[in-house]
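J.: Okay, sequence plus prediction incoming.
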Amino acid sequence: MRVLVLGAGGMLARDIAAQAPEGVKVMARTRLETDITSESEVAQALRDCSPDLVINCAAYTSVDNAESQRREALAVNAEAPAMVARLARESASGPLVIHYSSDYVFNGRATRPYREDDVTDP
């Protein structure tokens, strides 16, 4: 199995890559290697790696600045994951995409997985 990990410079990505089982080839890309807000860079990474699975760990994590830098936060945390999913669906390898979200969006009391249209309550 081939796994492309985006946002490889962060703690989550490093931990995921370190836990990969034997036989899994992890191709970890930092923001400098693949900017997830760039359609051409993400498409190129998908072509280069031909993954079976994409794990998107890239995120705008500066919670205190997210309101003043709303455009940047939305680009990385909302628009880019949608683009990654679309490009993965359209790519030759058609990988499954896993995306991690911030724990600052919901209150954590749900009894089912959260959906994109659930009411926020950080």
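T.: Received it, and whenever you're ready, just let me know what you need. Numbers count the residues shown, from 1 in each chain.
J.: pLDDT weak spots in the chain?
T.: For the chain, the stretches with pLDDT under 70 are 102-103.
J.: Show me the strands in it, by range?
T.: Secondary structure of the chain (DSSP state E): strands at 2-6, 25-29, 53-56, 96-99.
J.: Contacts for the first one, please.
T.: It refers to strand 2-6. Applying CB atoms under 8 Å, 6 or more residues apart in numbering, the external contacts of strand 2-6 come out as 13, 16-17, 20, 24-29, 34, 36, 42, 45-46, 49-58, 84, 93, 95. All C-beta spots, glycine's among them, are computed from the backbone N, C-alpha and C.
J.: Repeat that for the third one.
T.: With contacts defined as CB under 8 Å, 6+ apart, strand 53-56 is touched by 1-7, 13, 16, 36, 46, 80-81, 84, 88, 95-100.
J.: can you rerun that using 10 Å?
T.: Strand 53-56 is contacted from outside by 1-8, 12-13, 16-17, 24, 26-29, 36, 42, 45-46, 80-81, 84-85, 87-88, 91, 93, 95-101, using CB atoms under 10 Å, 6 or more residues apart in numbering.
J.: Can you flag the buried ones in those?
T.: Taking 16 or more other CB atoms under 10 Å as the criterion, what is buried in the contacts of strand 53-56 is 3-8, 12-13, 16-17, 26-29, 36, 42, 45-46, 80-81, 84-85, 87-88, 91, 95, 97, 99-100.
J.: returning to what we had before: now the strands of the chain as a markdown table including distance to Phe106?
T.: What follows is the strands of the chain, written out as a markdown table (distance: least, CB to CB, whole Å):
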| stretch | distance to Phe106 |
| --- | --- |
| strand 2-6 | 23 |
| strand 25-29 | 28 |
| strand 53-56 | 18 |
| strand 96-99 | 15 |
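J.: who wins for proximity to Arg109 among those?
T.: Comparison of the strands of the chain against Arg109 by CB to CB identifies strand 96-99 as nearest, at 21.6 Å.
J.: list the helices and strands the closest one packs on?
T.: Counting contacts by 3 or more CB pairs under 10 Å, 6 or more residues apart in numbering; DSSP states H and E, strand 96-99 is packed against strand 2-6, strand 53-56, helix 80-90.
J.: Output those in TSV; the columns should cover distance to Val119.
T.: Below are the helices and strands packed on strand 96-99 laid out as TSV (distance: least, CB to CB, whole Å):
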stretch	distance to Val119
strand 2-6	28
strand 53-56	24
helix 80-90	20
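J.: Done for today, thanks.
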